[in-house]
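K.L.:
Return atomic coordinates for the entry below.
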Amino acid sequence: MSNSSERILLSSEREGRISHFRFWVMVGVPLAAILFQVYVPLFFQFLGFLELPLLVVVYFALMRRNQVSGLLIGAVVGLAQDSLSKNPLGMFGIVNTLVGYFASSIGVRLDVDNTAMRLVLIFFFFVFHQFFYWVLARALLAQQLAFEPQKTLLLGVLNALVGVSLFYFLDKLREKA
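P.N.:
Predicted coordinates:
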């Protein structure tokens, strides 16, 4: 096989792996995650550790495997999350945009349908998200937030475990090719 035909095969193979979702899934799932993030911890404080909007951004960015889609998903979800929270507008927007871009970039290169890979990626992106939120809060807002590595790692593990289950459910909502 020539080098150009190998590239075409790899390109078509990657294109075939791009997941497609119905419109209501792309709107309803992030909206439900944001509403969960805002309202459920008011009644069930022990669920306050869950970052469902982040998990949704990671899932859709990984499955779409397109950096522009990842950017847009992260920005829209982050800004919607900012608008419903007490945080300054744009903080989650910036951080989720970064997460969406990097997750979609990784989705192009790795097999993200593997459960172990998903577990590692969710953990990594949770820590990435928390660290960059901390950096932005200190740099842009001059807030003296404490970054607690042990707590962040523990919450990363918990979010990764919940995220793998959530990803399994969201896989059922993908359109069949």
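K.L.:
Can you show me the helices along the chain?
P.N.:
In order along the chain, the chain carries the following helices (DSSP state H): 3-17, 23-43, 52-64, 67-84, 91-109, 115-140, 149-171.
K.L.:
Let's have those helices in a markdown table, adding mean neighbour count and mean pLDDT.
P.N.:
Using the backbone N, CA and C atoms, a C-beta is placed for each residue, glycine as well. Rendered in a markdown table, the data for these read as follows (neighbours: other CB atoms under 10 Å; pLDDT from 0 to 100):
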| stretch | mean neighbour count | mean pLDDT |
| --- | --- | --- |
| helix 3-17 | 10 | 45 |
| helix 23-43 | 15 | 93 |
| helix 52-64 | 27 | 95 |
| helix 67-84 | 21 | 94 |
| helix 91-109 | 23 | 94 |
| helix 115-140 | 17 | 95 |
| helix 149-171 | 16 | 96 |
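K.L.:
Would you point out which residue is most central in the protein?
P.N.:
Using CA atoms, centre = their mean, the residue of the chain that lies closest to the mean C-alpha position is Val58, 2.1 Å off.
K.L.:
any idea how far Leu154 is from Phe60?
P.N.:
Here the distance between Leu154 and Phe60 works out to 26 Å (CB to CB, to the nearest Å).
K.L.:
same thing with Leu54?
P.N.:
In terms of CB to CB, Leu54 sits 11 Å off from Phe60.
K.L.:
Check Gly74 too.
P.N.:
In this view, Gly74 and Phe60 are 9 Å apart by CB to CB.
K.L.:
Please enumerate the shared neighbours of those two.
P.N.:
Overlap between the neighbourhoods of Gly74 and Phe60 consists of Gly100, taking contacts as CB atoms under 8 Å, 6 or more residues apart in numbering.
K.L.:
wait, Leu71 sits on Gly100?
P.N.:
Yes - Leu71 lies in contact with Gly100 (CB atoms under 8 Å); the separation is 5.6 Å.
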